[in-house]
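below is the structure, and that's it, no one-letter string:
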């Protein structure tokens, strides 16, 4: 058995950096690769106890998963970490046709040969809670069941129309699903409750999650009741926070750990393919507070006009926000996808190299996954906190002009209104 505690595959890039932060900010040295790492790449990070691979399965169909995930999971299995996680968004948005978490679970269990897989979705630090199998998420100053969430129920690709994750996940896999609910996690003997569930031979066990107590119980069960030395699990960064609590208690990681606060920089480049109302508010706030306003027409193949406008503003020391849409009602909303994401990546690369700017933010999960493929980056490490779920990362890109670039990847629902300014300035 190796000294590696953990490895993971993120179903999009923003979620992958969320997991990177959850580990590294708690003293677990972690590196996130953009492709399954070679032995030579791993050798550059000999002290890392956690290894991640940033992926794009959230925007892919089950056939793509069947073709690509077995090889990726097999490589992660070779790392011989205690647990390998299929990292998903804490809003669990997915469908049988796109981003099927059920299909990923089937593949992962086959590769890792585990009889059952735990699934931990709740992430209280992000305002995500699970009670009696139903998922709730913060939005607009209130807590909503996920199928009534003002944004997630209207997601342009995978709208959430079911709050009970047993039902939602059951549409994506025929495997038997059980639930360890909040009462079982809060009782005097959660182990006995889990054993009783496992006696009925489920293939998937969902875990409720409300607070630190229930997450701590989940983390202990995940680690001490692993069905194999190298086990497979799925869930949000809440799964990692649960494990961190247990690792601290049993001395696997430091009991306390401090992180360095990022230094301010000016200017920065923000590029967005998100149509989230949260991102819309952030764009409007940034423009009202001095960022150059550069709109990108999603239908255009040539973004040279936007590039020239960005370079002009940056040369005057002005931060820029390049965006394709302002909210779900925008005419460009829903016109994303791989082609647009990659073209935004090319635009960002040119703007960074030609301007010399060394810090950027990419908004949108799918946008990040496709755009970063164009930057020539090998891996990312944690560089400091920004807002929960969207840390500052430092790029490792040997022989590339963008080696050392500081980068933030932001999901649609993440961050306060003034987040773009936070990325630029010291808090």
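Happy to help now that I have it. None of these values were measured; they are calculated from a predicted model.

next structured bit after the top strand by length along the chain?
The residue-count maximum for a strand in the chain (DSSP state E) belongs to strand 379-387. Downstream of strand 379-387, the first helix or strand assigned by DSSP states H and E is strand 390-396.

that following strand - contacts with which helices or strands?
helix 13-24, strand 379-387, strand 406-410 (3 or more C-beta pairs under 8 Å, 6 or more residues apart in numbering; DSSP states H and E). Using the backbone N, CA and C atoms, a C-beta is placed for each residue, glycine as well.

got the angle between the longest one and strand 379-387?
Going back to what we said before, that points to helix 13-24. Interaxial angle of helix 13-24 relative to strand 379-387 (axes from the mean of the first three to the mean of the last three C-alpha atoms, to 10 degrees): 80 degrees.

and what of the shortest one?
With the same axes, to 10 degrees applied, the angle from strand 406-410 to strand 379-387 works out at 70 degrees.

quick one: strands adjacent to strand 406-410?
Counting by DSSP bridges, the strands paired with strand 406-410 are strand 359-363 (parallel), strand 390-396 (antiparallel).

so which of the ones you listed gets nearest residue 91?
Evaluated with C-beta to C-beta, the strands paired with strand 406-410 place strand 390-396 nearest to residue 91, the distance being 14.6 Å.

return the distance of that closest one from the chain's centre.
13 Å (C-alpha atoms, centre = their mean, to the nearest Å).

of the helices and strands packed on strand 390-396, give the one that comes closest to residue 267.
Nearest of the helices and strands packed on strand 390-396 (C-beta to C-beta): strand 406-410, 12.8 Å.

what average pLDDT does the next helix or strand after the closest one get?
Using DSSP H and E, the next helix or strand after strand 406-410 towards the C-terminus is helix 419-424. In this model, helix 419-424 has an average pLDDT of 91.

so which elements touch helix 419-424?
Partner elements for helix 419-424 (3+ C-beta pairs under 8 Å, 6+ apart): helix 277-288, strand 359-363, strand 379-387.

hmm, back to that, next, format the strands paired with strand 406-410 as CSV and append mean pLDDT, distance to residue 297 and mean neighbour count.
Formatted as CSV, the strands paired with strand 406-410 follow (pLDDT from 0 to 100; distance: least, C-beta to C-beta, whole Å; neighbours: other C-beta atoms under 10 Å):
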stretch, mean pLDDT, distance to residue 297, mean neighbour count
strand 359-363, 92, 17, 27
strand 390-396, 93, 26, 22
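
closest one to residue 105 among the ones you listed?
Here strand 390-396 is closest among these (C-beta to C-beta), at 26.2 Å.

ranges for the helices of the stretch 1-150 of the chain?
Ranges of helices within the stretch 1-150 of the chain are 13-24, 39-43, 62-78, 101-112, based on DSSP state H, counting those that start in this stretch.

would you mind finding the most buried of these?
Comparing the helices of the stretch 1-150 of the chain by mean neighbour count (mean count of other C-beta atoms under 10 Å), helix 13-24 ranks first with a mean of 28.

that older thread, need the helices and strands packed on strand 390-396 in JSON lines with distance to residue 149 and mean pLDDT, can you?
Formatted as JSON lines, the helices and strands packed on strand 390-396 follow (distance: least, C-beta to C-beta, whole Å; pLDDT from 0 to 100):
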{"stretch": "helix 13-24", "distance to residue 149": "17", "mean pLDDT": "91"}
{"stretch": "strand 379-387", "distance to residue 149": "19", "mean pLDDT": "92"}
{"stretch": "strand 406-410", "distance to residue 149": "18", "mean pLDDT": "92"}
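
fine by me, we can end here.
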